[in-house]
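In: Give the three-dimensional model of this entry:
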Amino acid sequence: MKLSLMTLGDVVADPVTGSTATAAERHRAIVEAAAVADEAGFEGVHIGEHHGLEYTTSSPPVILAAIGERTSRLRLSTAVTLAANLDPIRVAEDYATVDALSGGRCEVVVGRGNFFVSTYTLFGQRLEDSHELFAQNVELLARLWAGKEVSWPGSRHRAPISEFVLQPVPVGPMPLWVGGGASESSTDLAARLGLDLMLPSAFGNPQMFKPVVEAYREKFASYGHPREPRVGACWHVNVATTSQAARERWEPRYRAYFELMNTVIPRVNPDPPPFVTKPFDFEFLTTRGPAIVGSAAEVAERLNAWSEVLTSDTNLIYIDMGGQPADEYRDMVELIGSEVIPQLT
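Out: Okay, here's the model as predicted:
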């Protein structure tokens, strides 16, 4: 199993200390933790992208470039790149530049982002066009990153492209993931194009994604791609020397993050799925939900168990949520590197 850091850059007052990190402090903490993760044996780091919300990471390629300069082996990725909202040439150029600067360590997870309806409004787009925009832009990204001349006839959403060659080109083949699990069209697109699948970070029971993965793997094989697909999953994690210490430290911060979601969701989505509107239930979330909390041995055991259920060979862990202080964030990364990663199968 490959284990990577993930952050969405949520901005929440720490319910324990009452302090709120500035944007500069939040960004710096992410870069510093990634530098520790590089030394600790993590596979990669994935940066989320949001616009106009209580998340501060709106420009993942800039953050990844900074991380690339502080690290030597860490894979530099996203969680997710909003491919339906952004121009594909601009996206291709930005991440190919990260790849060139880092010596070929960049890979991208693209997502449709339709859960956040307000983003489409902000960018002057219609949500009902999201499927078409996403499929069009992802296919263009795959062609652009191949490093060959691209001509494309255009669509009602974008002007034609004539004899365009990307600069810079990626160092090598740019790995491309599709973030999805709630929409059949996204998993179908990933299977058809031969792209890997990254399951979303959600507050429901992760078992709900098992049939999604099974269908994706079956469709991927039916297209005759010459390799096995990769499947990734996302988890909310807090680890300490003892289970009691981890649970006591994390419960107020995980609650704060959950309450942020309950504040944001009604503003950005008029019809959210039921699992995101239920009351906060720490026991459910940490036993049958996406939250993994406890000692190093407990965290490793649950990661191994969920990885087997979902056949996920890559797992992303989100630990800097709910006002988590930067020093505790770095300490957890070190602890996971020394005591959790060696126990993963």
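In: For the longest strand along the chain, which strands pair with it and how are they oriented?
Out: The residue-count maximum for a strand in the chain (DSSP state E) belongs to strand 231-239. Strands adjacent to strand 231-239 in the sheet, as given by DSSP bridges, are strand 196-198 (parallel), strand 291-294 (parallel), strand 314-318 (parallel).
In: would CSV of those strands with distance to Ala65 be doable?
Out: Every residue, glycine included, has its C-beta placed from N, CA and C. Output for the strands paired with strand 231-239, formatted as CSV (distance: least, Cβ to Cβ, whole Å):
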stretch, distance to Ala65
strand 196-198, 21
strand 291-294, 30
strand 314-318, 20
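In: when you compare where the helix or strand harbouring Asn304 runs with where strand 231-239 runs, what's the angle?
Out: In this structure, Asn304 is located in helix 296-310 according to DSSP states H and E. If you take axes from the mean of the first three to the mean of the last three Cα atoms, to 10 degrees, helix 296-310 sits at 160 degrees to strand 231-239.
In: can you tell me the helix or strand for the nearest residue to Tyr318 once chain neighbours are set aside?
Out: Using Cβ to Cβ, 6 or more residues apart in numbering and skipping the chain neighbours, the partner closest in space to Tyr318 is Met6 (4.7 Å). Assigned by DSSP H and E, Met6 belongs to strand 2-7.
In: and if you look at Ser77?
Out: Going by DSSP H and E, Ser77 is in strand 75-78.
In: For the following helix or strand past that strand, name the packing helices and strands.
Out: Next helix or strand after strand 75-78 toward the C-terminus (DSSP H and E): strand 81-82. Under the contact criterion of 3 or more Cβ pairs under 8 Å, 6 or more residues apart in numbering; DSSP states H and E, strand 81-82 touches strand 108-111.
In: packing partners for the strand it packs on?
Out: strand 75-78, strand 81-82, helix 130-144, strand 176-179.
In: re earlier: so the residue nearest to Tyr318 bridges to which residues?
Out: Applying DSSP bridges to Met6, the residues it is bridged with are His46, Tyr318.
In: can you count the residues close to Glu107?
Out: 21 (other Cβ atoms under 10 Å).
In: What is the burial count for the nearest residue to Gly44 once chain neighbours are set aside?
Out: Excluding its sequence neighbours, the residue lying closest to Gly44 (Cβ to Cβ, 6+ apart) is Arg75, at 3.1 Å. Residues near Arg75, counting by other Cβ under 10 Å, number 21.
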